[in-house]
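Peer 1: Could you work out the structure for the sequence below:
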Amino acid sequence: MECTSCKLGFDKVENKPSFNLGFPLPPREAMIEIKHVFPNRPELKIASTTFAFDNLSISNLRSMLDKEDCNSRVKLVATPIWKALNRMAETKHGKLRPSVMTLLINMRGRTTKALTISEDSCGNFTKLVMVKFKLEKKRNKVEFHELVSLIFDAIANVVKDCAKPQNGDEIFLMVDRAWSEATEECNREEVESYFFTSTSGYHFI
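Peer 2: Okay, here's the model as predicted:
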């Protein structure tokens, strides 16, 4: 599409993308600075790993849950990875610790009808989801079905929140509040923080 636009002109492109995503939001001068969750640690070494889940693996995960909890492959796949990270932290520190998982969801189609955001608009229209694993009682293991429920409930609550703002200012404040709360939670002592790519197809940025 970009090549066609350059060659023929944007007015010649069928199904042109929309660039009105930022229109409902307040002007840059009126925005407060959103605090970033990632710590500023240039000495921190980053390692990445790819996990592959085939259809049989997904089916095995679904068999461990009730039917109503099986409607999302992404959430199912995120759960065993989060569980493994919790167990790794337990091995490292000698005890199970609270943890926070963050990811992004797409707000397109989930806001009020008062905010007209087209599906083909360019840009990342996302909101942070924070999922907390708490140690409310003594335990020595992390239950798979418990983590699944935490992820599902957190995403469901955020989806409901996306429908509440009535204008761009309220949307911006909602997103800013989510980042601020995640920053505070992730910077707490003895809390493990894990940053996942999103359920909406966007990179975590």
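Peer 1: all helices of this structure, in order?
Peer 2: 2-8, 55-63, 73-93, 144-162, 168-186 (DSSP state H).
Peer 1: Sketch out the low-pLDDT regions of the protein for me.
Peer 2: Scanning the chain for pLDDT under 70 picks out the ranges 1-44, 46-48, 66-71, 116, 118-120, 137-140, 198-205.
Peer 1: can we see that at 50?
Peer 2: Within the chain, the ranges that satisfy pLDDT under 50 run 1-5, 203-205.
Peer 1: one step back: what's the closest of the helices of the chain to residue 100?
Peer 2: Closest approach to residue 100 among these (Cβ to Cβ): helix 168-186, 5.2 Å. C-beta coordinates here come from the backbone N, C-alpha and C atoms, glycine included.
Peer 1: tell me what that closest one is packed against?
Peer 2: Contacts defined by 3 or more Cβ pairs under 8 Å, 6 or more residues apart in numbering; DSSP states H and E place helix 168-186 against strand 99-106, strand 126-133, helix 144-162.
Peer 1: any idea of the angle the first one forms with helix 73-93?
Peer 2: Spelled out, that is strand 99-106. Here strand 99-106 runs at an angle of 160 degrees relative to helix 73-93 (axes from the mean of the first three to the mean of the last three Cα atoms, to 10 degrees).
Peer 1: what do you get for the last one?
Peer 2: Put simply, helix 144-162 runs at 120 degrees to helix 73-93, going by the same axes, to 10 degrees.
Peer 1: Just want the angle from helix 144-162 to helix 55-63.
Peer 2: Using the same axes, to 10 degrees: helix 144-162 against helix 55-63 is 90 degrees.
Peer 1: Give me the buried positions along helix 144-162.
Peer 2: 144, 147-148, 150-152, 154-155, 158, 161-162 (16 or more other Cβ atoms under 10 Å).
Peer 1: distance between the ends of stretch 158-175?
Peer 2: 10 Å (Cα to Cα, to the nearest Å).
Peer 1: one step back: could you dump the helices of the chain into TSV with distance to residue 114 added?
Peer 2: What follows is the helices of the chain, written out as TSV (distance: least, Cβ to Cβ, whole Å):
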stretch	distance to residue 114
helix 2-8	31
helix 55-63	38
helix 73-93	29
helix 144-162	13
helix 168-186	10
